[in-house]
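> Structure for this input, please:
(one chain, ligands or ions: 1)
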Amino acid sequence: MNILISNDDGIYAPGIKSLAEALSKFHDVVVVAPDRDQSATSHSLTLYRPLRVKKVKPNFYSMDGTPTDCINLAVNGILKKKPDLVISGINQGPNLGDDITYSGTVSAAIEGTLLGISSFAVSIAAREQFNFDSASEFAVHLAEMVLENGLPPDTFLNVNVPNLPKEEIKGIAITQQGKRIYEDLVFKKLDPRGEEYYWIGGGEAKWEKENGTDFEAIENNKISITPLHLDLTNYKALKIIKNWNLSF
Ligand code: MN
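Residues are numbered from 1 along each chain as shown. Alright, predicted model coming up:
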């Protein structure tokens, strides 16, 4: 099958190399990925400057754009045939709970979904010393399942894998998106010229304890698979706001 791979850590990140190598044993793989780290660029699309594509090696293309640009341009401009599957990753770092709204990794899968292609994102739920073997092996397995069964309409998968050897992973949990508690600090410092600057982040990730979430699965050393969709409508709130009987 034809598989398109991207990420948000950039084309030279070890995670995308591991994923592409694992999948290439069984499929025709093309990599189109940002030429540098584009983490936390969310679902942004570049509209006001040209995009340049560079062939790094056979079937590997880098682009001076976002993960969303990569999928969009690959499907609509570079590839001769629409891919059967889009996989984004393997991200160096978790994409759990509300954090996924910032994620470039997840957004590449969103773009694939918008273009009508089965898509999933894979991340390693750790901050350092990444071991991509388990996640790559699982991605190959999941790719087979998705290619065989397809995904339900308007659905894509957000996969987080513990940073553990295969034999230490305690199984797979199909999960719901958890809720992150944001206590991240903003650091205010002085640069060498005495000017103030700010730096976002640095806090420890905390989340609301709830059964069945992506956070819980990772805490229990399980692979988390969260089926997501793009309809952001809050159906409970829809009824409540209708009851306001707004008029104008
Ligand atoms: Mn990233």
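> Can you spell out which helices and strands pack onto the strand or helix carrying residue 70?
Residue 70 is located in helix 67-73, with elements delineated by DSSP states H and E. Packing contacts for helix 67-73, counted by 3 or more Cβ pairs under 8 Å, 6 or more residues apart in numbering; DSSP states H and E, involve strand 2-6, strand 28-34, strand 60-63, strand 85-92, helix 104-114. From N, CA and C alone the C-beta is placed, and that goes for glycine too.
> mean confidence for the last one?
Meaning helix 104-114. In this model, helix 104-114 has an average pLDDT of 98.
> What of the fourth one?
Per-residue pLDDT values over strand 85-92 give a mean of 98.
> Pull up the pairing partners for that strand, direction included.
Strand pairing for strand 85-92, determined by DSSP bridges: strand 2-6 (parallel), strand 118-124 (parallel).
> Where in this protein is the helix or strand with the lowest mean pLDDT?
strand 206-207 (a mean of 84; mean pLDDT, DSSP states H and E).
> what's in contact with that one?
Strand 206-207 is contacted by residues 96-97, 178-181, 183, 213, 215 when judged by Cβ atoms under 8 Å, 6 or more residues apart in numbering.
> at 7 Å instead, please
97, 178-181, 183, 215 (Cβ atoms under 7 Å, 6 or more residues apart in numbering).
> Could you do stretch 224-233 as well?
With Cβ under 7 Å, 6+ apart as the criterion, stretch 224-233 contacts 110, 113, 154-160, 172-177, 214, 217-218.
> What is the neighbour count of the single nearest residue of the chain relative to the ion?
Residue nearest to the ion within the chain: residue 39 (3.3 Å; Cβ to the ion). Residue crowding around residue 39 was assessed by other Cβ atoms under 10 Å; the count is 21.
> Identify the residue nearest it in space, chain neighbours excluded?
Using Cβ to Cβ, 6 or more residues apart in numbering and skipping the chain neighbours, the partner closest in space to residue 39 is residue 8 (4.9 Å).
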